[in-house]
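Chemist: Please work out how this folds:
(4 chains)
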There are 2 protein chains.
Amino acid sequence: MAERHSTLRARRRAQTQRTIQAHAIRLFSERGYDATTMNDVAEAAGVSPMTVYRHFPTKEDLVLVDQHGELIAERIAASPAGQPLVRRIGGALVDAAAALTGDDVAADRRFLLVRLQLMISTPALRARHLDNQYALQQAIIGALEGDAADPDAAFQAQAAASACLAALHTAMVHWAEDDGRADLPRLIGKALAAVFGDDVLGPAR
Amino acid sequence: MAERHSTLRARRRAQTQRTIQAHAIRLFSERGYDATTMNDVAEAAGVSPMTVYRHFPTKEDLVLVDQHGELIAERIAASPAGQPLVRRIGGALVDAAAALTGDDVAADRRFLLVRLQLMISTPALRARHLDNQYALQQAIIGALEGDAADPDAAFQAQAAASACLAALHTAMVHWAEDDGRADLPRLIGKALAAVFGDDVLGPAR
DNA sequence: ACCTACTTGGTAGTCTCTATCACGGTGGTA
DNA sequence: TACCACCGTGATAGAGACTACCAAGTAGGT
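Modeler: Now for the predicted structure:
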């Protein structure tokens, strides 16, 4: 088993990865994203530019981390098919947000907030982020498999998913502008209610 | 009046601009967006690379043209404030789509369709396009000025606008996948109805 | 005919990202 | 302990998207 070396080597790898990203986010926040070159990041992290590219294929990947995408899709696939689409999708989004901003991950929450503010204010990052959300939308539609036969149901699923993700985006922007003081899951619920009505997530909440 | 020269010079400028863009779209469709360089476009159009950059600041601008953005915003600002938000926004989107795909602009419609298919299938273009839609969303929110005082109304406006644009995107993707055979304004109405209910655009339609 | 302003072309450079090769330390094995 | 395969890192060269900066030609109005 040559794959059982995951103790020291993998830990060092994860460590340098965190170091590089931390320095990158700091520099981006201080000088701005466009005014910071990959060489600057490498120099600040104490590694060669090659190493930066090895861990983060593109400059945007230093800020944008696909977080919990497939977890959301799995949760939607596991939700009861009898419920309305919006409730299945919205519930998963609220739960994922709760996992990302819970009190047990306060440090990660600050980091997430800074990256989110960078994403919103930098055109290149914002564009990539929106495309990632589009990919998440495709994954969500794929998770609602049962309706591939009916083209009309597929249209419904696509409309519901894209509207839910639009609500998610609205909530995230407000959360970032509020500097993370508000409760993100609650904001998402509010945005969903603003579009679909107050009873979207069910009376149980 | 040094600005009254808009006869020959402006026409030549518009002509080269159209030539460059036409060759670019053709090459992108034939070889793929990433496999086509700006030098290829310049050579095909018979101009220098400098001239291409002069007319289209970025490679993405060769495909993405901000069409009718401010027109939509103006129409929303002029719509009666008493109507529900979704109806004001959705109505403007349907009308803009009708203007873009009407029978009197069949050639433009083919061109729009090709560019849309390129946008959807190319990650870089898709990302930029989604960011342009985000900018349009901001413009729409700005057009609904009356509610800047109430933060809750602002939240409502943002949620409504982003959901409407999500529906627009859903409709555009379906239209492109259908190769433009369907009626785009009708598709937008269908997507809006899928999210908000059948009576979104009012009984008058 | 003259002068201004707009359009175009050329050169050199920066920055992101890729391909290829070489070096050194890790982890397992004889 | 000595050997070897492998992984992480580094240096170099290069393509491609852009951005100054400067030179030349041509349309506009006086």
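Chemist: Give me the buried positions along the helix or strand hosting A:A171.
Modeler: Per DSSP states H and E: A:A171 is located in helix A:151-177. By 16 or more other Cβ atoms under 10 Å in any protein chain shown, the buried positions in helix A:151-177 come out as A:155-176. Quick note: C-beta positions are derived from backbone N, CA and C, even for glycine.
Chemist: okay, and for chain A, where does confidence drop off?
Modeler: Scanning chain A for pLDDT under 70 picks out the ranges A:1-7, A:146-148, A:202-205.
Chemist: burial count for the closest residue in space to A:A42 that isn't next to it in sequence?
Modeler: Leaving aside its sequence neighbours, A:A42 sits nearest to A:P49 (Cβ to Cβ, 6 or more residues apart in numbering or on different chains; 4.4 Å). Neighbour count for A:P49, taken as other Cβ atoms under 10 Å in any protein chain shown: 14.
Chemist: what's around A:G90, how many residues?
Modeler: A total of 27 residues lie near A:G90 under the criterion other Cβ under 10 Å.
Chemist: doesn't A:G197 make contact with it?
Modeler: No. At 11.7 Å, A:G90 and A:G197 do not qualify as touching, with contact defined as Cβ atoms under 8 Å.
Chemist: Please enumerate residues in contact with whichever strand or helix holds A:L71?
Modeler: Counting by DSSP H and E, the element that carries A:L71 is helix A:69-78. By Cβ atoms under 8 Å, 6 or more residues apart in numbering or on different chains, the surrounding residues in contact with helix A:69-78 are A:88-89, A:91-93, A:95-96, A:132, A:135-136, A:139-140, A:142-145.
Chemist: re the thing from before, quick check: the residue nearest to A:A42 touching A:H55?
Modeler: No. Counting by Cβ under 8 Å, A:H55 is not a contact partner of A:P49; they are 11.4 Å apart.
Chemist: chain center to the helix holding A:L71: distance?
Modeler: 13 Å (Cα atoms, centre = their mean, to the nearest Å).
Chemist: One more: stretch A:85-102?
Modeler: Per Cα atoms, centre = their mean, the centroid offset for stretch A:85-102 relative to its chain is 12 Å.
Chemist: who's in contact with that stretch?
Modeler: For stretch A:85-102, using Cβ under 8 Å, 6+ apart, the contacting residues are A:67-68, A:71-72, A:75-76, A:79-80, A:108-109, A:112, A:140, A:144, A:156-157, A:160-161, A:163-165, A:167-168, A:171, A:180, A:183-185, A:188-189, A:192, A:196, A:200-202.
Chemist: still on that earlier bit, quick one: the helix holding A:L71 to helix A:151-177, angle?
Modeler: With axes from the mean of the first three to the mean of the last three Cα atoms, to 10 degrees applied, the angle from helix A:69-78 to helix A:151-177 works out at 130 degrees.
Chemist: List the buried residues for the helix or strand that comes right after helix A:69-78?
Modeler: As assigned by DSSP H and E, the chain's next helix or strand after helix A:69-78 is helix A:85-101. By neighbour count on 16+ other Cβ under 10 Å, the buried set for helix A:85-101 is A:85-97, A:101.
Chemist: And A:V65, its phi and psi?
Modeler: With angles defined as degrees, to the nearest 10, A:V65 sits at phi -120, psi 120.
Chemist: quick one: it from B:V63, how far?
Modeler: Using Cβ to Cβ, to the nearest Å, A:V65 is found at 28 Å from B:V63.
Chemist: Mind checking which of these two has more residues around it?
Modeler: Shown here are A:V65 and B:V63; by other Cβ under 10 Å, B:V63 has more neighbours (22 against 14).
Chemist: residues touching that one, list them.
Modeler: Counting by Cβ under 8 Å, 6+ apart, B:V63 touches B:A24, B:I25, B:F28, B:Y33, B:R115, B:L118, B:M119, B:T122, B:L125.
Chemist: hang on, the third one packs against B:L118?
Modeler: Yes. In this structure B:F28 lies within contact range of B:L118 using Cβ under 8 Å: 5.7 Å.
Chemist: tell me which element A:G180 falls in.
Modeler: Judged by DSSP H and E, A:G180 forms part of no helix or strand.
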